[in-house]
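> please find the sequence and the predicted model below.
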Amino acid sequence: MRTRAFLAAALATLLAAGAARADEPATLRMAIPGGGSFSPTWSQMLQPWINSVEADSDGTLKLQSFFGNALADFSNVYDRVVSGVADIGNGVQGSASSPARASSSCLPTSMRAVAPPPFGSSIRTG
């Protein structure tokens, strides 16, 4: 269910931005500030989630990860996604670095459902 909601939101974004070539998957840039491929957050949560999203898209969607501050840092993840620098951002909104940002309660329902599951949870729901 979460993956389907994410795919619907991602595909709507892609359609609004313009059609991709039919023979190539659409690529979304994912900002992962402060992280790296050595991080348990990556190996235990984000990488399996990305693999699941890509598999569920049947080859039509690819998520390209950008670690560290390549696309965003902890204080501007939200702004970088809104401005189009990144298509997806991994971060904590409402933290000390961004106290004025909107909480998840003011996001559309479809956007609240796209967060990766917490540690120890199963990625597949059915």
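Now that the structure is in, tell me what you want to look at.
> any regions of the protein where pLDDT drops low?
Screening the chain residue by residue with the criterion pLDDT under 70, one finds the ranges 1-22, 93-126.
> tell me where it has helices.
Taking DSSP state H as the criterion, the chain contains helices spanning 2-17, 40-41, 47-56, 77-82, 109-112.
> which other helices and strands does the fourth one contact?
Meaning helix 77-82. Contacts of helix 77-82 with other secondary structure elements, assessed using 3 or more Cβ pairs under 8 Å, 6 or more residues apart in numbering; DSSP states H and E, are made with strand 26-32, strand 88-89. No exception for glycine: its C-beta is placed from N, CA and C like everyone else's.
> point out the most buried one among those.
strand 88-89 (a mean of 22; mean count of other Cβ atoms under 10 Å).
> which strands or helices does it pack on?
Applying 3+ Cβ pairs under 8 Å, 6+ apart, one finds that strand 88-89 makes contact with strand 26-32, helix 77-82.
> mind putting the ones you listed in JSON lines, distance to F67 included?
Compiled in JSON lines, the helices and strands packed on strand 88-89 are given as follows (distance: least, Cβ to Cβ, whole Å):
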{"stretch": "strand 26-32", "distance to F67": "5"}
{"stretch": "helix 77-82", "distance to F67": "13"}
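> so who does I88 touch?
By Cβ atoms under 8 Å, 6 or more residues apart in numbering, I88 lies in contact with 10, 28-31, 63, 81.
> distance of it from F66?
The spacing between I88 and F66, counted by Cβ to Cβ, to the nearest Å, is 10 Å.
> and if you look at D73?
Distance, D73 to F66, by Cβ to Cβ: 11 Å.
> please apply the same query to D58.
Applying Cβ to Cβ to D58 and F66 gives a distance of 24 Å.
> so for the two, which sits in the more crowded spot?
Between D58 and F66, F66 has the larger neighbour count (other Cβ atoms under 10 Å), namely 17 against 8.
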